[in-house]
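Trainee: The following block contains a protein sequence and its predicted model.
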Amino acid sequence: MARSYTTRAFVDDKGLPLINAWCRAFNASTSALIETQYTGSTGTATFTTLPEDVNVNICCVWGTKVVWLYNIFSATQDLLYLSVTEAIISNLAVTAAKIANATITNAQIANATITNAQIANATILDANISTCSIGKLTAGNLAVTFTITTGSLSASSGTVTIDSNGLTIKGQKAIFRDASGNVKGYLLGIFAGAFNLLANPGVALVLTSTSRVVISSDETETQFLAGGLNATWASHLDLPIRSSDPTATEGRTYYCTSGTANGYIRYYDANAGAWKNIARV
Amino acid sequence: MYIVLNDKRIEVTGEIIEQQVAPFNPQVGAGGIEFIDSATHQIEEFRDFRGGLGIETQEKPSDRFYWSDGTETTKEGYLTLGPLVTTAGAFGVQPVKILDFNSGTYAFGNSVGKKWNTGTSAWDTADSGALAGPTDALVVTDATATYLVVCNGSDVRYSSNGTSWSSLSTENVKYLTVFDKRLIGIDAAYKKMWYSPREDIDGTLSSFNLTGDYSTVTDLFTGRLLTSDEPCIYMLTDNGLFVVDFYTQTCYQTDIRYPSTTNAKVGMFWNSDLLVGTGSGISRMSGRTVTPWGPDQNDGLPTNYQGYIYDMVGLSHWAIITVAGGTNDSILKRHESYGGWHQIYSSSSAVECVSWSPLYSPGRLWFGDGTNIKYIQFPDKTHNPTKVSGYTYAASGDIYLPVMSKLSSMPKVMVSIEAVTKSLTSATKVTPYYIVNDDISLTGADWTMMDAWESSPNVKSEFGSGLGISFYEMCIRLHLERTSTTTITPIIKSIALKYLPLPATVTSWTFVVEALGRKAPQIISDLANARDASTLVNFSPDGDIKASEHFVRIVTMPAKRWLDRYAAEKQFQVTVSEVIGG
């Protein structure tokens, strides 16, 4: 895509605009002629077919006078080969910067506001950025170690945030994959009114502790929806201990500690419609 | 015996000696012998005329002359016939422009555009649709072709080969030039400057308006500003020379100004100088200095040869102009650095355009002469035509020397006119003419012819058959001529006028005064008074001023101190002399 450029107004020593002065745009690297224009009634010349990917010098000639305008796009130009040993930029505002290959050895940027930066492959060895506001950052390979003391990292319109209080997930889930990238389980968060931890089919869900594993619920029961309760490798099975019968439900069992059934394991026999003791041997 | 001296009657003794005194003294220099050392006569020599024409009378010898017609006066010690003028066929109308293009010579006049046919020696029609009343023409080259462009204040017509012509513009362009790789033109109303696209001479013209204190434009040419070296467009107007700044589209007046006239017709930038015809004269601007440079300087041109500078062309070192608009029109030339103007050709017809062409050997100077086009050989390798093989000379020519006016109030006798010559024979001869005590005339009948010179290396013509001619002022004209062979010319290397000043004779008297007895103091006192008088004193050797009276100064007498010492009785010698004769 071509770029356009209008020179400043060329004037003579009396300030009169120079008309029909011969202006040529050259490739600053190869000196090749790019475009020729002549100044108009205001003394300016407008170029319309200047390339985007080169620096451009303009030469304006009238009589024996010649004026060069070097690197006319220096205000908005691409930085093709920029090597900065030590740059102190007190106030840099870059509206749109494309840096193909920039090596910055030691840059101190006191106050940089980068509205829209695209950095394809940037290696910043040691950057000390005191205040950096990045509106949008797309990083292909970015290794960043930092501590958030104020503010937060957020994603998906703020449904996922990391701040000093922790990780917050709103209506989203945490996805867990194996080493090959296959999804194996989810921390679904709040789903259907419940807090869900889901292991994909074929993936065991293991709760392991060298101490205790406590499942606590304010509800009246803890449900095992399928399969059996396998305590084969356990040293023992402690039954609920009660002093009286709970609400009668088929198959409900407990160890009774009072009354006539004290010391008996009692279960509710739905066919008999009564609590029964398992006889002592 | 008595004399009268200063109204005093004095007694003298012995014979009064009267003798004539020559008022002109032979002069012998302390160094080498010079012409002025001649004891018998004086010599006025003419051998170098490079100073040019325009001096009608002179007291001291110079390298100037008054006028010439048909003689070559540009080489020191080498006066020859001028160039032969050849009429190049019939052109039919008065030419306005003659110029070389595409290895040919073209000329343009009213509705005529022709090319010189070197094979048939005739003008062949080159443009059957030539413009009426052409005003300007030039040859210009751009990246595409070389063009011959002609305009007439209405149309611009052009050709790239001289045979196929077409219209370039109808923008009323009257004068043309080239600047910044563009064809530039001023319109016939002198208000608008037209210009072509850069490096595209035959592209569509654009324009801008001009504003300035002028009313008529008479020429347009390019050069550089002498103060800043900037290239610029010069515009000659009725009110002075203007500069058009093409880039700011403005114009302004230069240092060359003159009273409003439309006879300032032509200018050119040449060899770092700006030459501008200002009417009858030329202003030459070098750096910031403007000096008069035209043929109207000093005594100017003869009455019937005066006019305006119509055209101007610059060769390597010669500026050539046409002076036209008067009774006779002339072509003159002047070297860029030495000398003055020299006549090349004059005609009673209009000679208003001139052009030099290197297409011929030797170079050729074309010019219009009425409705004809003529040319002369104008070598570009040397300005000494005698060194050019086959150079052709005019059949005859004249040079009019300045009036010899040395001590014009003193009567003189012109004894002879002599010359050192070369190649003078009966076929190439020179005839001297003279006029005594009158102005130079260009009318042949006013001159007295002397014997023709037909030999070399020295010739002499005596005035008055050897008796000489008394004169106060003397005009000399030399008429050079040849026979029908065009390649021969008489050559004059130097001319010497030999003359003798002849003032009236002066007389002196020597006598012995007798200052004796008691009269001695009074006599000595009277002599001293006569000697110290602030005027001449009267003297009568006859002792009676009614018999004879002369006005004298005492030339010799004893000193007063000597007289006082012997005042009592003494005889002593006194000499008195007239101062002027008559």
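Mentor: That came in fine, so what should we check first?
Trainee: separation between B:N102 and chain A?
Mentor: Applying CB to the nearest CB, to the nearest Å, the value for B:N102 to chain A is 29 Å. C-betas here are computed from N, CA, C, even on glycine.
Trainee: Can you get me a residue count around that residue?
Mentor: Neighbours of B:N102 under the rule other CB atoms under 10 Å in any protein chain shown: 16.
Trainee: for it, what are its contacts?
Mentor: B:146, B:148, B:161-162 (CB atoms under 8 Å, 6 or more residues apart in numbering or on different chains).
Trainee: And those residues, which is closest to chain A?
Mentor: B:T146 (21.8 Å; CB to the nearest CB).
Trainee: Can you report how many residues neighbour that closest one?
Mentor: Count around B:T146 with other CB under 10 Å applied: 14.
Trainee: My guess is it contacts B:L138. True?
Mentor: No. In this structure B:T146 lies outside contact range of B:L138 using CB atoms under 8 Å: 11.0 Å.
Trainee: how about the residues of chain B near chain A?
Mentor: B:180, B:195, B:198, B:208, B:229-232, B:245-250 (CB under 8 Å from any CB of the partner chain).
Trainee: hmm, try it at 6 Å
Mentor: B:230-231, B:247-249 (CB under 6 Å from any CB of the partner chain).
Trainee: Flag the shaky bits of the stretch 451-582 of chain B, pLDDT-wise.
Mentor: For the stretch 451-582 of chain B, the stretches flagged by pLDDT under 70 are B:560, B:563-569, B:582.
Trainee: what do you get for the stretch 1-150 of chain A?
Mentor: Filtered on pLDDT under 70, the stretch 1-150 of chain A yields the residue ranges A:75-85, A:87, A:90-146.
Trainee: Pop the domain breakdown of the chain in here.
Mentor: Just so you know, I chose chain A. A:3-69, A:82-146, A:155-216, A:241-278 (automatic domain parsing).
Trainee: That was the other one, I meant chain B.
Mentor: B:2-23+B:504-578, B:37-81+B:397-501, B:83-128+B:353-392.
Trainee: Need the nearest residue in space to residue 151, chain neighbours excluded.
Mentor: You didn't say which chain, so I picked chain A. A:D163 (6.9 Å; CB to CB, 6 or more residues apart in numbering or on different chains).
Trainee: please go with chain B instead
Mentor: According to CB to CB, 6+ apart, the nearest residue to B:C151 is B:V173 (4.6 Å).
Trainee: Would you check that the one you found makes contact with B:R157?
Mentor: No. The criterion here is CB atoms under 6 Å, and B:V173 misses it with B:R157 at 10.3 Å.
Trainee: what about these two, which has more around it?
Mentor: A count of neighbours by other CB under 10 Å puts B:V173 above the other of B:V173 and B:R157, at 29 against 22.
Trainee: Show me the contact partners of stretch B:189-204.
Mentor: Contacts to stretch B:189-204, defined as CB atoms under 6 Å, 6 or more residues apart in numbering or on different chains, come from residues B:140, B:142-143, B:147, B:168, B:171, B:173, B:181-186, B:205-210, B:217.
Trainee: Quick one: buried ones out of the residues you listed?
Mentor: Buried by 16 or more other CB atoms under 10 Å in any protein chain shown: B:140, B:142, B:147, B:168, B:171, B:173, B:181-186, B:205, B:207-208, B:210, B:217, out of the contacts of stretch B:189-204.
Trainee: Inside strands: which ones of the residues you listed?
Mentor: B:140, B:147, B:168, B:173, B:182-186, B:207-208, B:217 (DSSP state E).
Trainee: the strands in the stretch 1-150 of chain A, which residues?
Mentor: For the stretch 1-150 of chain A, the strands defined by DSSP state E, counting those that start in this stretch cover A:3-6, A:22-27, A:33-38, A:46-50, A:56-62, A:65-69, A:82-84, A:87-89, A:92-99, A:102-104, A:107-109, A:112-119, A:132-134, A:137-138.
Trainee: Show me which residues of chain A sit near chain B.
Mentor: A:12, A:16, A:18-19, A:21, A:62-64.
Trainee: 10 Å instead?
Mentor: A:10-22, A:36, A:38-39, A:41, A:43, A:61-65 (CB under 10 Å from any CB of the partner chain).
Trainee: how close does B:K174 sit to B:G223?
Mentor: Counting by CB to CB, to the nearest Å, the separation of B:K174 from B:G223 is 19 Å.
Trainee: Oh, that last question was meant for B:G294, not what I typed.
Mentor: Taking CB to CB, one finds B:G294 at 19 Å from B:G223.
Trainee: of those two, who's got more company?
Mentor: Neighbour comparison, B:G294 and B:G223: the larger count goes to B:G294, with 25 against 22 (by other CB under 10 Å).
Trainee: I'd say B:K406 and B:E473 touch.
Mentor: Yes. Counting by CB atoms under 10 Å, B:K406 touches B:E473, with 8.9 Å between them.
Trainee: Overlap of the contact sets of the two?
Mentor: Both B:K406 and B:E473 are contacted by B:K412, under the criterion CB atoms under 10 Å, 6 or more residues apart in numbering or on different chains.
Trainee: for stretch B:11-18, which positions count as buried?
Mentor: B:V12.
Trainee: sorry, that was for stretch B:304-320
Mentor: So for stretch B:304-320, counting by 16+ other CB under 10 Å, buried means B:305-315, B:318-320.
Trainee: coming back round to it: of all the domains of chain B, which lies closest to A:W275?
Mentor: domain B:83-128+B:353-392 (134.6 Å; CB to CB).
Trainee: Pairing partners for B:M449 in the sheet, please.
Mentor: B:Y433 (DSSP bridges).
Trainee: buried residues in stretch B:81-92?
Mentor: B:81-85, B:88-89, B:91.
Trainee: got it, and stretch B:359-369?
Mentor: Within stretch B:359-369, the residues scored as buried using 16+ other CB under 10 Å are B:360, B:362-369.
Trainee: Serialize those to a markdown table and add fields for pLDDT.
Mentor: Compiled in a markdown table, these are given as follows (pLDDT from 0 to 100):
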| residue | pLDDT |
| --- | --- |
| B:Y360 | 94 |
| B:P362 | 90 |
| B:G363 | 92 |
| B:R364 | 95 |
| B:L365 | 97 |
| B:W366 | 98 |
| B:F367 | 98 |
| B:G368 | 97 |
| B:D369 | 97 |
